[in-house]
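Asks: coordinates only, sequence not included:
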C-alpha cells in the first residue's frame, strides 16, 4: 500500500482496496475516472475506476457532508476526480467495501460530447475512438491481458536460458520478400535524383542503398543464435499486404525464437511448452479479466484455454492432413491438394478432427521459404505450422537449412537475391550447425487468449489498409 501522505490520508489504488487488508474506517484517497453516477437526493453514488484493475470502487456521497454534492452527483462519465473518504467494509454485500466520501475534488469534468456513455457501444464505433476505448471494460480487459501475456512470454524465455535480442527495425535484408516490405527513404519524392539510365540514384539516399522497415527479425536472430545458442526477439514488424481480413494488419508484433543445435522435433517441443506456459500465466494473473471475457466475449473461453494446457498436441505430416481432408465427407470451398497450402476451413476441420491443437509438419518445398531445411525426399521441407481450435494457424516455424551449398541452390531455384543476404548465407560457412526457429504473431495470440475476433481489437492503435489514425 502507498505510503501515508502528510495529511495522514493514505493514497491507495482500487486494486489495493480489493486485495489488501485495509482496516475498516481507514482514511484514504483514491484518484480515478467516473464510470457511473446515481443520485437519490440525500445520497449519491459514484463508481470510480483508476485503471489498476477491472473492478470499480463505489463512493457514497452524503449531501450534508460534501460541499460540492450537487456538482459531484451530476458528473458525467469519464470525469477525473480525487476522492478522500473512509473505508467501510461490507463483507456480506456483493462489493466487499465502499468509501464514504469526506471530499470530492473534480479534477476535470467531461460534458455531453464525451463519446462513451452508459449504453453498450459496438467495437466498430470504439475503433473510431481508439484513444478512448481502453476506458471501456472490454478493452481494459483485452489490453491488460496483452500486457500480462507479453510478460509471460519474457518469463518463459528468460527462465529457459534464452537471450533477448533487439533486432533492427531498419534493414537492407530481404526476408519476407521485398514486395511485402515498406521502403524507406530520405530522398525528395518530388525531385528524385536519377542515374544516367533513368533509375533513382540510391547512392544519394541516407544509407546509400534501398532500405526497408523490417518484416521479420529472423535472419538477424539466427546470427545471434550462432553465438548464444538460444535467443528470442519480441518486437514490431511491418508488412505492406493490402488485406482487410480480420487477421491481418500492416503493423504487428512478433515473437521469434531461434535455437542452435535444435531440430524440428525439438522445435515443436518448445512451441508447445511455451504456449502452455503463457496461457497458464495469463489465467493465473488475469482472473478478473478472463472471467469478464469468458462471460461477455466468448462463452467457454477459459475452458478452451484450460483444455489446451492439459492436452498433448498432435503431430502429423502435411501429406497425411491432405489425405484426411480429401477423405472427409465435405464439399470444400477450396479443394485440398497434395503440394498445396491449406485454407481456414481445412485448419478448422483438422483441429476439430483431432479435438485439440495440431502440428502440421513437413510441408511441400514449393510453397515455403528458401531458408527451410530440405528433407531427404527432395520434395518437402522441415517446416511446421501450429493450428489451434477456434483460431487456426498460431505459429509457423522450421528447421533452418544449415548447408551452405544447399541454401545457395534453394536461393537460385526461388529467385532470391543473394547479394542482400550474403552475411546471412555466410553463417552456413562459419561454424554452422542444425538450428531451428519459429514466429508467432503476438496479436493473434492476444485474440486467442481474449476471444476477440478481429486483430484491430487486439492492438492499441491498429494500422490496416486506409487506416493510419493517431
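Replies: The structure has been received and is ready for your questions. What you are looking at is a predicted structure, and each value in this text was computed from that prediction instead of being measured.
Asks: so where's the longest strand in the chain?
Replies: The strand that spans the most residues within the chain, counting by DSSP state E, is strand 27-40.
Asks: state the mean pLDDT of the helix or strand following it.
Replies: For strand 27-40, the following helix or strand on the C-terminal side (DSSP states H and E) is strand 43-49. The average pLDDT for strand 43-49 rounds to 95.
Asks: buried residues, the helix or strand that strand 43-49 is followed by. List them.
Replies: For strand 43-49, the following helix or strand on the C-terminal side (DSSP H and E) is strand 57-62. For strand 57-62, the neighbour count (16 or more other CB atoms under 10 Å) marks 57, 58, 59, 60, 61 as buried. In short, each C-beta sits where N, CA and C put it, glycine included.
Asks: out of these, flag the one nearest to residue 431.
Replies: residue 57 (59.2 Å; CB to CB).
Asks: returning to what we had before: report the buried residues of the longest strand of the chain.
Replies: Applying 16+ other CB under 10 Å to strand 27-40 flags 28, 29, 30, 31, 32, 33, 34, 35, 37 as buried.
Asks: coming back round to it: between the buried residues of strand 57-62, which sits nearest residue 312?
Replies: Once CB to CB is applied, the member of the buried residues of strand 57-62 that ends up nearest residue 312 is residue 57, at 44.0 Å.
Asks: that closest one touches residue 17, doesn't it?
Replies: Yes: Residue 57 is within contact range of residue 17, at 5.8 Å (criterion: CB atoms under 8 Å).
Asks: shared neighbours, these two?
Replies: Jointly contacting residue 57 and residue 17 under the rule CB atoms under 8 Å, 6 or more residues apart in numbering are 30, 97, 99.
Asks: please enumerate the helices of the stretch 1-150 of the chain.
Replies: Ranges of helices in the stretch 1-150 of the chain, per DSSP state H, counting those that start in this stretch, are 14-19, 69-72, 123-127, 137-159.
Asks: list the buried residues of the first one.
Replies: When you say that, I think you mean helix 14-19. 14, 15, 16, 17, 18.
Asks: mean confidence for it?
Replies: 94.
Asks: now swap in the third one and tell me
Replies: Mean pLDDT, helix 123-127: 95.
Asks: contacts for that helix, please.
Replies: Contacts of helix 123-127 (CB under 8 Å, 6+ apart): 132, 133, 136, 138, 139, 452, 454, 456, 457, 462.
Asks: okay, now the second one: neighbour count?
Replies: Applying the criterion other CB atoms under 10 Å, we find 22 residues in the vicinity of residue 133.
Asks: now do the third one
Replies: Residues lying near residue 136 (other CB under 10 Å) number 17.
Asks: bridged to the closest residue to residue 62 other than its chain neighbours, which residues?
Replies: Spatially, and ignoring its direct neighbours in sequence, residue 62 is nearest to residue 43 (6.1 Å; CB to CB, 6 or more residues apart in numbering). Under DSSP bridges, the beta-bridge partners of residue 43 are residue 40, residue 62.
Asks: start at 77 instead
Replies: Got it, first residue is 77 now, which makes that one residue 119.
Asks: tell me who's in contact with residue 119.
Replies: Contact analysis of residue 119 by CB under 8 Å, 6+ apart lists 136, 137, 138, 139.
Asks: and of those, the nearest to residue 387?
Replies: Nearest member of the contacts of residue 119 to residue 387, counting by CB to CB, is residue 136, at 48.1 Å.
Asks: distance of the nearest residue to the closest one once chain neighbours are set aside from residue 149?
Replies: Nearest in space to residue 136, with sequence neighbours left out and distances taken as CB to CB, 6+ apart, is residue 176 at 5.0 Å. Residue 176 sits 15 Å away from residue 149, going by CB to CB, to the nearest Å.
Asks: sorry, back to before: in JSON lines, list the buried residues of strand 103-116 along with distance to residue 305 and pLDDT.
Replies: Below are these laid out as JSON lines (distance: CB to CB, whole Å; pLDDT from 0 to 100):
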{"residue": "104", "distance to residue 305": "51", "pLDDT": "96"}
{"residue": "105", "distance to residue 305": "51", "pLDDT": "97"}
{"residue": "106", "distance to residue 305": "48", "pLDDT": "97"}
{"residue": "107", "distance to residue 305": "47", "pLDDT": "98"}
{"residue": "108", "distance to residue 305": "47", "pLDDT": "97"}
{"residue": "109", "distance to residue 305": "48", "pLDDT": "97"}
{"residue": "110", "distance to residue 305": "53", "pLDDT": "97"}
{"residue": "111", "distance to residue 305": "50", "pLDDT": "95"}
{"residue": "113", "distance to residue 305": "58", "pLDDT": "93"}
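Asks: can you lay out those residues as JSON lines showing distance to residue 123?
Replies: Shown next, in JSON lines, are these (distance: CB to CB, whole Å):
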{"residue": "104", "distance to residue 123": "16"}
{"residue": "105", "distance to residue 123": "17"}
{"residue": "106", "distance to residue 123": "12"}
{"residue": "107", "distance to residue 123": "14"}
{"residue": "108", "distance to residue 123": "9"}
{"residue": "109", "distance to residue 123": "10"}
{"residue": "110", "distance to residue 123": "7"}
{"residue": "111", "distance to residue 123": "4"}
{"residue": "113", "distance to residue 123": "8"}
